[in-house]
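*Asks:* pasting the sequence and the predicted model now:
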Amino acid sequence: MGIQEIDLTPEELDLYKCIHFSPKGGKLSHEEYEIASTAAASLFLSLLKRKAIPEIRIRYFNDPAFNTSSKKSHKEIFEMNGTSGEKIYKHPHFLAFLRYFIFGPDLPATIIDAFSKIVSRESYISGSDMPGLRTFVRSETRKYELNPKTASEEFYKLALECGIEEYLARMIRNAVHTIR
């Protein structure tokens with residue numbers, strides 16, 4: 001099992017081009033934000049309508065068990081903070097989820113490929129596979145000089161997408177998260 005890529009329709013691609021995934025610290029003008037937020041919501045709803053987003057990515061957003069930092073789902077956190085319905089999809093913090101829905105885990109392609117190959121060699125990943133997988137993800141995090149806090153969540157998503165059980169994916173996440 002590997003990472004599913006999303007092909008955007010021409011209309012979705014036009015919407016995507018309107019979205020400014022601003023760089024860290026970068027700010028959008030009010031007008032840019034309005035255009036980007038409307039496009040983001042439309043793009044997400046289009047992808048959702050045609051069922052283009054892999055189910056595991058939707059579960060990552062909707063299922064409280066898949067939020068490693070809270071007992072609430074990512075969606076429930078938006079709602080708890082006063083944003084609900086389609087307004088969630090226009091919220092600037094939703095852009096990170098939209099990016100994940102489209103592209104999958106934010107890790108170098110070489111890591112994704114190598115991890116997927118390791119996992120695909122086994123018919124089932126169990127706790128006995130964890131020492132080798134934890135060593136691999138820690139080594140790759142250091143090799144590519146990834147931020148452990150950010151990379152840990154991306155490895156968690158990658159493990160889930162490769163069909164690894166949630167509790168084992170969490171072990172992989174924790175192995176990276178604890179790197180100093």
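*Replies:* Right, received. Where do you want to start?
*Asks:* identify the residues contacting the residue nearest to residue 126 when sequence neighbours are not counted.
*Replies:* Once flanking residues are discounted, residue 126 sits nearest to residue 168: 7.6 Å by CB to CB, 6 or more residues apart in numbering. For every residue, glycine as well, the C-beta is placed using N, CA and C. By CB atoms under 8 Å, 6 or more residues apart in numbering, the residues touching residue 168 are 125-127, 129-130, 159.
*Asks:* helices - which of those residues land there?
*Replies:* Using DSSP state H, the subset of these located in helices is 130, 159.
*Asks:* and the contacts of residue 168, which of them are buried?
*Replies:* Buried members of the contacts of residue 168, counted by 16 or more other CB atoms under 10 Å: 125, 129, 159.
*Asks:* and the pLDDT for the residue of the chain positioned farthest from its centre?
*Replies:* No residue in the chain has its C-alpha farther from the mean C-alpha position than residue 31, which lies at 27.2 Å (CA atoms, centre = their mean). The score at residue 31 is 85. That number is its pLDDT.
*Asks:* repeat that for residue 19.
*Replies:* pLDDT recorded at residue 19 is 89.
*Asks:* the helix or strand containing residue 61: which residues count as buried?
*Replies:* Here residue 61 sits within helix 55-62, counting by DSSP states H and E. Residues of helix 55-62 classed as buried: 56-58, 60-61 (neighbour count, 16+ other CB under 10 Å).
*Asks:* that older thread, need the contacts of residue 168 in TSV with distance to residue 6 and pLDDT, can you?
*Replies:* Compiled in TSV, the contacts of residue 168 are given as follows (distance: CB to CB, whole Å; pLDDT from 0 to 100):
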residue	distance to residue 6	pLDDT
125	25	91
126	30	91
127	32	91
129	28	92
130	30	93
159	19	97
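*Asks:* tell me the one among the contacts of residue 168 nearest to residue 45.
*Replies:* Proximity of the contacts of residue 168 to residue 45 was ranked by CB to CB; the top entry is residue 159 with 28.2 Å.
*Asks:* thanks a lot, see you next time.
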